[in-house]
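Chemist: Give me the fold of what follows.
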Amino acid sequence: MARMKIQKSKHHAVPVEAKKKKQKKATAIREKIPGSRGWRGRGGGAAALVPSVREYRGTTVQVCGLWPFSSGTSSPMIGVPIGRHEETQATVCCDPISWFQRAQLISNPSAFILGKPGLGKSTLVRRMMLGLAGQGVHPLVLGDLKGEHVDLVRAAGGQVISLGRGRGYLNILDPGQAIEVAQLLEDEGHEDAAVRVRADAHGRRLNMVVALITISRNQPPTDQEQTILDRGLRRLDEHFKGVPILGDLLAVIQTGPDELRQVALDRGNWELYQAETRALEATLLGLTGGGKLGEIFSQHTTNPMQRDRAVVFDVSSIDETETDLQAAVLLACWSYGFGTVNVANALADAGLEPRRHYFVVLDELWRALRAGKGMVDRVDALTRLNRSVGVGQVMISHTMSDLLALPAEEDRMKAQGFVERSGMVICGGLPASEMALLTKAIPLSRQEQQKLVSWQDPPAWDSRGIDVEPPGRGKFLIKVGGRPGIPVHIGLTSVEAKLNDTNKRWHDTPEDAPLLAETPVPTPTDGVPA
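Modeler: Numbers count the residues shown, from 1 in each chain. The predicted structure is shown next:
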């Protein structure tokens, strides 16, 4: 008989009684471990509601003995305290200067803030300004187009410089304190530094005259005209006593000294010289006699800028429709402000004054960029040189679409680079259509994009007239490179709330007017020389 090999099946039939014993054993083991709400079953005492544990905050020295019940915060604690983390409620500290100088979290001391109107962009900047002022950094608002920062600077004992038709003058030929500082450097044996200060002052004055002519004509002056202007300014420096104005430069060109006639190539013919300088003379007459740029630049500076305190140039009186005048005034303010910064740096390099750092605020950047030709190039130069001149800066705009709405393609590319080169980008509520443009400049996860879109929603409907805030007011997402964003909510004190009121003209009664009288602050020093 042949043998047959039988292979057992891997699946054996398990008796029913053995299966029940196994389930009882597993059930008994599980019942010995309480659940997340306590012991289950009758009489077990399981909690229907788990109360939240009270949280306390303290330094590492105070809570070090509470291990393992303490946990550290995930947000940086270096810089100006701007609010609390939206998820963990931890304190969030942030400002471009501290994160660059002390924490070394960003590669350059700059920030770009984006967000829809009314969500608190200017409030965030004023919180940084106030915190940095307490750390010894001087805020500089070089052109406040809406007058939003005037109250804070005045309350902090800073200087308010008002410019506009009938409000104040700014002499673009005024070297500021450069001449006195250059003489002081020479007396102390720093001849090279003195030469650099004088050259910088001359270059800034020449560039400002060229910029005003460009805005007035809607086209730049010719090379020959720029050379004539350069020689005219140098003659004023050599022969004019005091501080010249545009009218003095016009008089030099009309007189026609030999050094100007040489560069005009008149060949000894006076009529040819007059023909070559006729267009330049007509433009300067318009700048000094009340043309479309007004008379703001035709007189001596009414309120010289100080370098040892916060300063704001209040240009809110200039109407939005006067774009040419806005562009000219903003360029003049930027040139004047950075000229003062260079003078302070020269004195500090020579050891004659303490080192000062400045925080430059460029608010409503979209309006400045659209104001006229040359504005994008000027801002582009500032964003590339902030580390070398020792200043931190913050730029504020509404959306990426505002930056990309410039008429020239080259200007649009430069404006997009402002966001890409910023050390940090702080985003408030933005519409969904902005996400495609924004993600080209900074990486954003899907969750971060949804958070920004949810913050831009309007407040709930309320027919009773109760003031209901939008869900995204005071909420921002701090982005540094490809790192996860830090969502933060800003809380204001009672004094800050009054200083940050940007809707004053909508109030029925001026209830907030006596704020500065009620608050003990240093006496304003408008117009007092440094």
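Chemist: Tell me the first helix or strand C-terminal of the helix or strand where Gln62 lies.
Modeler: Assignment of secondary structure by DSSP states H and E places Gln62 within helix 60-63. The first helix or strand that comes after helix 60-63 along the chain, using DSSP H and E, is strand 81-85.
Chemist: Quickly run through the sheet partners of that following strand, with directions.
Modeler: When pairs are called by DSSP bridges, strand 81-85 turns out to pair with strand 91-93 (antiparallel), strand 486-489 (antiparallel).
Chemist: Is it possible to get a markdown table of these that adds mean pLDDT?
Modeler: Supplementary listing: those in a markdown table, determined by pLDDT from 0 to 100:
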| stretch | mean pLDDT |
| --- | --- |
| strand 91-93 | 89 |
| strand 486-489 | 92 |
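Chemist: Those: which one's closest to Gln416?
Modeler: Ranking these by distance to Gln416, with C-beta to C-beta as the measure, places strand 486-489 first at 23.6 Å. C-beta: built from backbone N, CA, C; applies to glycine.
Chemist: Give me the buried stretch members for the following helix or strand past the closest one, please.
Modeler: Counting by DSSP H and E, the next helix or strand C-terminal to strand 486-489 is helix 494-499. For helix 494-499, the neighbour count (16 or more other C-beta atoms under 10 Å) marks Glu496, Lys498, Leu499 as buried.
Chemist: and helix 494-499, what does it pack onto?
Modeler: Under the contact criterion of 3 or more C-beta pairs under 8 Å, 6 or more residues apart in numbering; DSSP states H and E, the helices and strands touching helix 494-499 comprise helix 121-134, helix 150-155, helix 515-518.
Chemist: looking at the ones you listed, which is closest to Gly390?
Modeler: Closest to Gly390 of those, according to C-beta to C-beta: helix 121-134, at 13.7 Å.
Chemist: just the angle between the closest one and strand 81-85, please?
Modeler: Here helix 121-134 points in a direction 130 degrees away from that of strand 81-85 (axes from the mean of the first three to the mean of the last three C-alpha atoms, to 10 degrees).
Chemist: what's next to helix 121-134, contact-wise?
Modeler: By C-beta atoms under 8 Å, 6 or more residues apart in numbering, the surrounding residues in contact with helix 121-134 are 79-82, 94-95, 97-98, 113-115, 139, 148-149, 152-153, 156, 310, 359, 361, 363, 392, 394, 396, 426, 428, 474, 476, 490, 492, 496, 499-500, 502.
Chemist: 7 Å instead, please
Modeler: Contact with helix 121-134 is made by 80-82, 95, 97, 113, 115, 139, 148-149, 152, 156, 310, 359, 361, 363, 394, 396, 426, 428, 476, 490, 499-500, 502, as judged by C-beta atoms under 7 Å, 6 or more residues apart in numbering.
Chemist: Please point out which parts of it sit buried.
Modeler: Quick answer for helix 121-134 (16+ other C-beta under 10 Å): 121-133.
Chemist: Pull the number of nearby residues for Cys93.
Modeler: 18 (other C-beta atoms under 10 Å).
Chemist: which residue packs closest to it, ignoring adjacent ones?
Modeler: Nearest-residue entry for Cys93: Gly79, 4.1 Å, with adjacent residues in sequence omitted and distances by C-beta to C-beta, 6 or more residues apart in numbering.
Chemist: contacting residues for the one you found?
Modeler: Gly79 makes contact with Cys93, Cys94, Asp95, Ser98, Trp99 under the criterion C-beta under 7 Å, 6+ apart.
Chemist: Can you report how many residues lie near Lys440?
Modeler: 12.
Chemist: For the nearest residue to Gly232 once chain neighbours are set aside, pull up the helix or strand it's in.
Modeler: Spatially, and ignoring its direct neighbours in sequence, Gly232 is nearest to Val252 (4.6 Å; C-beta to C-beta, 6+ apart). Per DSSP H and E, Val252 falls inside helix 246-255.
Chemist: All set, thanks.
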